[in-house]
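Visitor: no sequence on this one, just coordinates:
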């Protein structure tokens, strides 16, 4: 939700008349987890998101952690805007605006903080230097974020338990394609992380693969026992699965229960 | 059918077909040769060692680059493939309509990486902006596929326009109103040149065109390649968006859909939509789904409201899912459907 609701602030949706504040302020060119260099030392720094606007640029860190992001955000003020040229963006004369994106407010020092839980909230907006951006963010306060679209990556390394399962649903469903050769946990990790795959560290990647194995183990041994097996390191569908609507419904229902047992229980009553 | 060797022979054959039909039309008031059909094929694969539709032999290269003809014992010289464009091929067919449709459908379904080009309303109405073309008919469709058959409020209409349309007061208004509410699945066009009909063609939302009458083969091929070019441009633009942005394609419907019936249908991967999805979040007026598009087995995320949906195509999944889902769902249950990205209409 944190990533989804933050990314969608860079977009606009016509039918529900939603215009994200970054889109409204012209910050439509954004990148995720891409390194930039620090001015004095050339040290690479990697804001979770950076974006380029008409008259300014922006670095955002996303976190579910209670700990302050102050030091990290302070360090982004020293980013060299000339390194933006690596991504086809122009250089700016001013340092980037910096902000955190959270599900509940933290204390990130002299940096703007936004909360993107179910509705948008903002504090310390006075630290945003770019006027159109500040105004667009203020305008966004109180707006509903619950029905924004999903984003392409379904896994991030910090995810746990049911979040991992939910992120794997469609990847598991592809195993039931008669032409599927099965998937290893590594492949599943690669597909779930999507464009983030090349950007996360090998340690985070391995930790995510271990978590995928643990969750898939439950699916293979319990929820979809008989339909899925682990064979030669790959998860594969068995011949028990037939391309019949009833069978698909059974598998869909089991996957739903595996990934979101609470919702399933509530829906049943 | 002859065993063709050259591109010129192919064009001569098509030209002779048009001329034969024009002659029989003037003499007997009807055409007797098979009408030329073309199918726009969305391709994600390269044309190497590539099978022909079943039973129609193999592809043989013509002397023009990227052009192939079917060669074999059964109906040789009746299928021609133009693979000039990387993402959109044109398959011309001189087979009988039913035989042709069945063979091409089976061919597309049997090869991973091929799909139809699903023409949007604006693409179907494109010739309206081009000089000398006149809209001569329209087909509308609403199957109400999420409602049980006995209660389905389905609608279908096929109208051919001529001077008579104006003789019935209010008819034009009805057609305009119906066009705004329901999905267009076909349009009929005439190109007038020197006061007479140069081309009469019917385009379908599944990327097929039937040439009912024509005078000149070059003119016909140009008009078809014009739509293929536009479709390819749209696909390339959508692919660029998929790779560089993380927003969703927005599908805007004119009909309200029953979300529970939608959830039930997609959980089984049933119906013309061919989507097999698991519901992951639910509110009375909004549901989130993720799963696979059974046409390609690509992953898709679909967030659905009463009269809109957001489509996200993760990884390298084919963006042709956007026009396909818009077209199929529009004709099945959602009415007139438009695709947007960041508020700008796509596949327009």
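Guide: Looks like it arrived, so ask away. This structure is a prediction, so every number in the text was calculated from the model and none was measured.

Visitor: just the buried residues of the strand or helix carrying residue B:26, please?
Guide: Following DSSP states H and E, one finds residue B:26 within helix B:7-28. Using 16 or more other CB atoms under 10 Å in any protein chain shown as the test for burial, helix B:7-28 gives B:7, B:9, B:10, B:11, B:13, B:14, B:15, B:17, B:18, B:21, B:22. (Each C-beta comes from the backbone N, C-alpha and C, glycine too.)

Visitor: I'd like the next helix or strand past that helix.
Guide: Downstream of helix B:7-28, the first helix or strand assigned by DSSP H and E is strand B:36-43.

Visitor: what's the following helix or strand after that following strand?
Guide: Sequence order places strand B:58-61 as the next helix or strand after strand B:36-43, per DSSP H and E.

Visitor: next SSE downstream of that following strand?
Guide: strand B:67-71.

Visitor: what sits up against that next one?
Guide: With contact meaning CB atoms under 8 Å, 6 or more residues apart in numbering or on different chains, strand B:67-71 is reached by B:3-4, B:7, B:10, B:47, B:52-53, B:56-62, B:76-84.

Visitor: just the buried residues of helix B:7-28 that are near chain A?
Guide: With the criterion set as CB under 8 Å from any CB of the partner chain, no member of those is near chain A.

Visitor: list the buried residues of stretch A:125-138.
Guide: A:125, A:127, A:128, A:129, A:130, A:132, A:133, A:134, A:136, A:137.

Visitor: now do that stretch, average pLDDT.
Guide: Here stretch A:125-138 scores 95 as its mean pLDDT.

Visitor: can you pull the residues of the stretch 201-348 of chain B lying near chain A?
Guide: B:242, B:245-248, B:250, B:252, B:267-270, B:276-283, B:286, B:288, B:290-292, B:297, B:299-301, B:303, B:305, B:307-308, B:310, B:312-315, B:340, B:342-343.

Visitor: narrow the residues you listed to those that are buried.
Guide: B:242, B:245-248, B:250, B:252, B:267-270, B:276-282, B:286, B:288, B:290-292, B:297, B:299-301, B:303, B:305, B:307-308, B:310, B:312-315, B:340, B:342.

Visitor: so which of those are in strands?
Guide: Residues of these located in strands (DSSP state E): B:250, B:252, B:276-282, B:286, B:288, B:290-292, B:299-301, B:303, B:305, B:308, B:310, B:312, B:340.

Visitor: thinking again about what came up before, would you list the buried residues of helix B:7-28 in TSV and tack on pLDDT?
Guide: Shown next, in TSV, are the buried residues of helix B:7-28 (pLDDT from 0 to 100):
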residue	pLDDT
B:7	94
B:9	92
B:10	93
B:11	93
B:13	92
B:14	93
B:15	93
B:17	90
B:18	90
B:21	79
B:22	77
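
Visitor: quick check, nearest of the residues you listed to residue B:158?
Guide: Of all those, residue B:158 sits closest to residue B:21, with 22.1 Å by CB to CB.

Visitor: touching, that closest one and residue B:32? I think so.
Guide: Yes - using CB atoms under 8 Å, residue B:21 is in contact with residue B:32, at 7.1 Å.

Visitor: averaged pLDDT, stretch A:18-33. What do you get?
Guide: Computed over stretch A:18-33, the mean pLDDT rounds to 94.

Visitor: contact partners of it?
Guide: Defining contact as CB under 8 Å, 6+ apart, one finds that stretch A:18-33 is touched by A:7-13, A:46, A:48-54, A:57-58, A:87, A:89, A:130, A:132-133, A:135-137, A:139-140, A:143, A:148, A:195-196, A:199-200, B:246, B:342-343.

Visitor: just the buried ones from these, in PyMOL syntax?
Guide: The buried subset of the contacts of stretch A:18-33, as determined by 16+ other CB under 10 Å, is captured in PyMOL by this line:
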select buried, (chain A and resi 7+8+9+10+11+12+13+48+49+50+51+52+53+57+58+89+130+132+133+136+137+140+148+195+196+200) or (chain B and resi 246+342)
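
Visitor: part of a helix, is residue A:210?
Guide: Yes - counting by DSSP: H, G, I helix; E, B strand; the rest coil, residue A:210 falls inside a helix.

Visitor: including distance to residue B:145 and secondary structure, could the buried residues of stretch A:125-138 go into CSV?
Guide: What follows is these, written out as CSV (distance: CB to CB, whole Å; DSSP: H, G, I helix; E, B strand; the rest coil):
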residue, distance to residue B:145, secondary structure
A:125, 48, helix
A:127, 53, helix
A:128, 49, coil
A:129, 53, coil
A:130, 49, coil
A:132, 46, helix
A:133, 45, helix
A:134, 48, helix
A:136, 41, helix
A:137, 43, helix
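
Visitor: I'd assumed residue B:91 was in contact with residue B:79.
Guide: Yes - between residue B:79 and residue B:91 there is a contact at 6.5 Å, judged by CB under 8 Å.

Visitor: quick check: residue A:36 vs residue A:44, distance?
Guide: The gap separating residue A:36 from residue A:44 is 7 Å, by CB to CB, to the nearest Å.

Visitor: ok, the two, which is more surrounded?
Guide: The neighbour count for residue A:36 versus residue A:44, taken as other CB atoms under 10 Å in any protein chain shown, is higher for residue A:36 (22 against 11).

Visitor: which ones are touching that one?
Guide: With contact set as CB under 8 Å, 6+ apart, residue A:36 has these partners: A:44, A:45, A:46, A:47, A:50, A:79, A:80, A:83, A:84, A:86.

Visitor: from those, pick the one nearest chain B.
Guide: Proximity to chain B was ranked across those by CB to the nearest CB; first place goes to residue A:50, at 13.9 Å.

Visitor: beta partners of that closest one?
Guide: Per DSSP bridges, the residues bridged to residue A:50 are residue A:31, residue A:59.

Visitor: so who does it touch?
Guide: By CB under 8 Å, 6+ apart, the contact list for residue A:50 reads A:30, A:31, A:34, A:36, A:57, A:58, A:59, A:60, A:84, A:96.

Visitor: and for residue 90, the neighbour number?
Guide: As the question left the chain open, I've gone with chain A. Other residues near residue A:90 number 11, with proximity taken as other CB under 10 Å.

Visitor: ah, no, chain B please
Guide: By the criterion of other CB under 10 Å, residue B:90 has 23 neighbours.

Visitor: in three-state terms, label the closest residue to chain A within the stretch 51-200 of chain B for me.
Guide: Closest to chain A within the stretch 51-200 of chain B is residue B:112: 6.7 Å, counting by CB to the nearest CB. Residue B:112 falls in the coil class when you classify it by three-state DSSP.

Visitor: excluding its backbone neighbours, what's nearest it?
Guide: The shortest distance from residue B:112 to any non-neighbouring residue, by CB to CB, 6 or more residues apart in numbering or on different chains, is to residue A:179 (6.7 Å).

Visitor: separation between the one you found and residue A:218?
Guide: Using CB to CB, residue A:179 is found at 26 Å from residue A:218.
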